[in-house]
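what follows is a predicted protein model with its sequence.
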Amino acid sequence: MKKAIKCGKLFHSTDGTVGENQVVLIEGERIQEVLDAASFREEGCEVIDLSDKFVMPGLIDCHVHISEFGAPDTFRITATQLVGDALLMGLKNAQAQLRAGFTTLRNQGSPGFIDVSLKKAFNSGMYDGPRLLASGSCIGSTGGHADSHYSPYLQTVHDIIDGMVVDGADQAMKAARFVIKYGADVVKFMSTGGVTTMGTTIGAQQLTFEEMRAMCQVAEMYGVTSSTHAHGTNGIKTAVRAGVTSIEHGTIMDDECVELMVEHGTYLTPTIIAFRRMLERGEEEGIPPHAMEKAKKAGEYHEKSFRKCLEAGVPIVFGTDSGSPCNPHGKQHDEFKYMCESGMTPVQALTAATRTGAHLVRMWDDIGSVTAGKYADIIALDGNPLEHIEDMAKVCFVMKGGKVIL
């Protein structure tokens, strides 16, 4: 039987407008038609009445860590957990994300390819879960953000516990091919140091142009995207010149950074909430001092860089780094508020989490708008986020692929 959703307000991400009193007809997994309520006939339809709700496409978070859960010291957790532990945590996190309205996630680093396993389980219908774009292990340099800092006398398997460590373009190319071989949809590498990693500074570039280009070239040849963790200016510029699809975080940018991103069509995933949560809750929850010091330094630059990108027309997507310290899954709706506080309009923020995100993950033909022919990934809110952006947290209905989840 067809489903019909009566929408009091319907956000059209294609142009940022809101339709009044419309009906979405759904057959199977996909949207059949969107029409005015006056033209709708109920015969033969299962009617879902959301006449007093704000209806919009399912949300897309373009930067999560599905197997992490917001622990203040992720290093200790990853050093002791089994891959099976991470898989079960990933399942719990993914289902929390789905119930929170995030029907598509792009994972940005997991041990043991658990994100690929989860993707297969969700796609097969074994479990309910979001559409998941997987990266497998992150790739970085010796001593870099993807490396461990265990005693040199201990033998570790970097691509299981932390990330894949490469030195030189040939190793970088092999690592990119390896993650794609086992199911990655995006090649993720670390251009600069990170906030949580011991022994690194956030601004320092950690991969050469040749190493970055090798990974981007492999991604291009295999028809997948690439992304890079990048805080520092030189690392951002080098990654953009190397052809990376998206810059993750983008903390410290000058005008040339922004100009290069516009020229190359590079996306920005700002993850504002990751810094805010650490600064708000980190000391109380026990984040190590070395990480807190770097988070404070990053926070001094981040908003300025975001505003530069916004004003210049860099394509910006919604991404939260969910799973990072003090930043649990399914609780990241404040990112919409932070994006607006940093200069976006509510329409721009909603568009970042729908249309723009769908373009980044190359799924615009299937998701990102409530349009005939696309998957019926639809959510509803109590309230109107275009008037009060905090209402994005008031998710009261979730449908993924025509199936009601919440």
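Yep, that arrived. Treat the numbers as computed from the prediction; the structure is a model and nothing was measured. Numbers count the residues shown, from 1 in each chain.

not counting its neighbours along the chain, what's nearest Met212?
Ranked by C-beta to C-beta, 6 or more residues apart in numbering and with sequence neighbours excluded, the top spatial neighbour of Met212 is Ala242, at 3.8 Å. Where C-beta positions appear, they are placed from N, C-alpha and C, glycine not excepted.

and that neighbour, how far from Ile236?
The gap separating Ala242 from Ile236 is 11 Å, by C-beta to C-beta, to the nearest Å.

can you give me the domain assignment for the protein?
As assigned by automatic domain parsing, the chain contains the domains 2-58+369-404, 59-332.

tell me the contacts of Ala298?
Applying C-beta atoms under 8 Å, 6 or more residues apart in numbering to Ala298 gives the contacts 195, 202, 231, 249, 251-252, 275.

can you redo those as JSON lines with distance to Ala295 and neighbour count?
Conversion of these to JSON lines gives the following (distance: C-beta to C-beta, whole Å; neighbours: other C-beta atoms under 10 Å):
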{"residue": "Val195", "distance to Ala295": "5", "neighbour count": "29"}
{"residue": "Ile202", "distance to Ala295": "9", "neighbour count": "22"}
{"residue": "His231", "distance to Ala295": "11", "neighbour count": "32"}
{"residue": "His249", "distance to Ala295": "11", "neighbour count": "29"}
{"residue": "Thr251", "distance to Ala295": "10", "neighbour count": "28"}
{"residue": "Ile252", "distance to Ala295": "13", "neighbour count": "23"}
{"residue": "Phe275", "distance to Ala295": "6", "neighbour count": "27"}
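
is the residue nearest to Asp185 when sequence neighbours are not counted in a bridge, and if so with what?
Spatial nearest neighbour of Asp185, chain neighbours left out: Leu133 (4.4 Å); criterion: C-beta to C-beta, 6+ apart. Counting by DSSP bridges, Leu133 is bridged to Arg106.

my guess is Leu133 contacts Leu105, does it?
Yes: Leu133 is in contact with Leu105 according to C-beta atoms under 8 Å; the separation is 7.0 Å.

among the two, which residue is more densely surrounded?
The neighbour count for Leu133 versus Leu105, taken as other C-beta atoms under 10 Å, is higher for Leu105 (32 against 25).

one step back: quick one: which of Ala242 and Ile236 has more around it?
More crowded of Ala242 and Ile236, by other C-beta under 10 Å: Ile236, with 31 against 23.

kindly state the pLDDT recorded for the more buried one?
Ile236 carries a pLDDT value of 98.

and if you look at Ser305?
At Ser305, the model reports a pLDDT of 96.

just say helix, strand or coil for the closest residue to Lys9 other than its chain neighbours.
Leaving aside its sequence neighbours, Lys9 sits nearest to Phe54 (C-beta to C-beta, 6+ apart; 4.8 Å). For Phe54, the reduced secondary structure class is strand; criterion used: DSSP: H, G, I helix; E, B strand; the rest coil.

and if you look at Lys337?
Bear in mind the rule, three-state DSSP; under it Lys337 is helix.

ok, now which ones touch it?
Taking C-beta under 8 Å, 6+ apart as the criterion, Lys337 is in contact with 389-390, 392.

okay, now the unreliable bits of the chain?
Counting by pLDDT under 70, the chain shows low-confidence ranges at 73-79, 150-162, 195-200, 282-283, 290-291, 294.
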